[in-house]
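Peer 1: Predicted model, plus sequence, below.
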Amino acid sequence: MLAISEQVDEAFARDVLDGLAQKQPAVPARWFYDERGSALFDDITRLPEYYPTRTELAILSRSMGEIAAAVGTGRAVVDYGAGSQIKTPLLLEGIDPALYVPVDISGVHLRASAEALQQRFPDLAIEPVEADFAKPFRLPPAVDRHPVLGFFPGSTIGNFVPASAIDLLRSFRATLGVDALLLIGVDRIKDRSRLIEAYDDAQGVTAAFNRNLLERINRELGGTVPIEAFRHEARWNAMLSRVEMHLVAARDVTFEVVGRTFRIAQGGSIHTENSHKYTSESARLLLAAGGWTPLQEWTDGPGDFSLLLARAEADRMAP
């Protein structure tokens, strides 16, 4: 195998090489978000089939008074995922924070988002952090001077299998500290057809988003993946309560990544994303398992989506 060069993101290369070598080839969903992938996802959030963004936005708009009363003013907001240009301003306007810290793995998207928000909130201190929030990272020292609110919208927690989701919530707790609050979006279980449509839109934007991962592998890792040989497919896995995204091989394919050869037979796939769906009860249990005590929950009329507020409690002996 060829050595990984200094010009290659070593973490990206390792995840791709290790993932493609699995019995079910897979690549972690966080690598979707290069500059083009981030832009495509922004397009996805505006599609008619993709209900989570507009539903969560409606919940935020309608419930911001209650959220602000529960959260209070003057907090340091740590936004995991660079910050939606629609949802984040609503939160910042509603709670009047002292500091805003967007965190994202895509530096280009992160800086563009931070600059746009700085123009909209010129008096707000903004300190972006380029990092993979699924791994330990350091917050700016200024965060220590304020009570903290973590913001994790969009049901991104659903991209993690439950064991990893619990680990991530525990990591948030360790990073944000005891007594920190967390405002998190969670997608609910609903009709299968609505779920599949949300991840396989008629315009093909989600398909382009999925295949862009292969384009990134070819561009950044010297890959020879025949992109045209793979089609996008969304599947509902009822046993695991999740939508899965796959890139399915239309024919037998052989390709290289960083000098290593991989083969996928016709009908085989590269598993690229999970989006787990929860009931209200299972979402609260997930938070509790991750070290967070649920405090309040807001949802839309049909109960399609939830925003939950939780607190990081100090460790204590069980009763």
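Peer 2: All right, it came through fine.

Peer 1: List the contacts of stretch 104-116.
Peer 2: Around stretch 104-116, the neighbours that count as contacts under C-beta atoms under 8 Å, 6 or more residues apart in numbering are 30, 33-35, 37-39, 81-83, 85, 102-103, 126, 128, 130-133. Any C-beta I mention is one placed from the backbone N, CA and C, and that applies to glycine too.

Peer 1: where along the protein do the helices fall?
Peer 2: Applying DSSP state H to the chain gives helices spanning 10-20, 35-44, 51-71, 87-95, 107-120, 162-176, 192-198, 205-221, 280-289.

Peer 1: average pLDDT for stretch 93-100?
Peer 2: Computed over stretch 93-100, the mean pLDDT rounds to 96.

Peer 1: for the residue nearest to residue 92 when sequence neighbours are not counted, phi and psi?
Peer 2: In space, and not counting its chain neighbours, residue 92 is closest to residue 121: 6.0 Å by C-beta to C-beta, 6 or more residues apart in numbering. Torsion angles at residue 121 (phi, psi; degrees, to the nearest 10) stand at phi -130, psi 70.

Peer 1: now residue 121: how far from residue 270?
Peer 2: 40 Å (C-beta to C-beta, to the nearest Å).

Peer 1: Of the helices of the chain, flag the one that's most buried.
Peer 2: Comparing the helices of the chain by mean neighbour count (mean count of other C-beta atoms under 10 Å), helix 205-221 ranks first with a mean of 21.

Peer 1: For it, enumerate the helices and strands it packs against.
Peer 2: helix 10-20, helix 35-44, strand 230-237, strand 242-249, strand 269-276 (3 or more C-beta pairs under 8 Å, 6 or more residues apart in numbering; DSSP states H and E).

Peer 1: and the angle for it with strand 242-249?
Peer 2: Here helix 205-221 runs at an angle of 60 degrees relative to strand 242-249 (axes from the mean of the first three to the mean of the last three C-alpha atoms, to 10 degrees).

Peer 1: List the contacts of helix 205-221.
Peer 2: Looking at helix 205-221 with C-beta under 8 Å, 6+ apart, the contacting residues turn out to be 8-9, 12-13, 16, 27, 31-32, 34, 36-37, 40-41, 43-44, 47, 199-200, 223-225, 227, 230-232, 234, 245, 247, 257-258, 272-273.

Peer 1: what's near enough to touch residue 178?
Peer 2: The contact partners of residue 178, taken as C-beta under 8 Å, 6+ apart, are 312-314.

Peer 1: try 6 Å this time
Peer 2: 312, 314 (C-beta atoms under 6 Å, 6 or more residues apart in numbering).

Peer 1: Alright, calling it a day.
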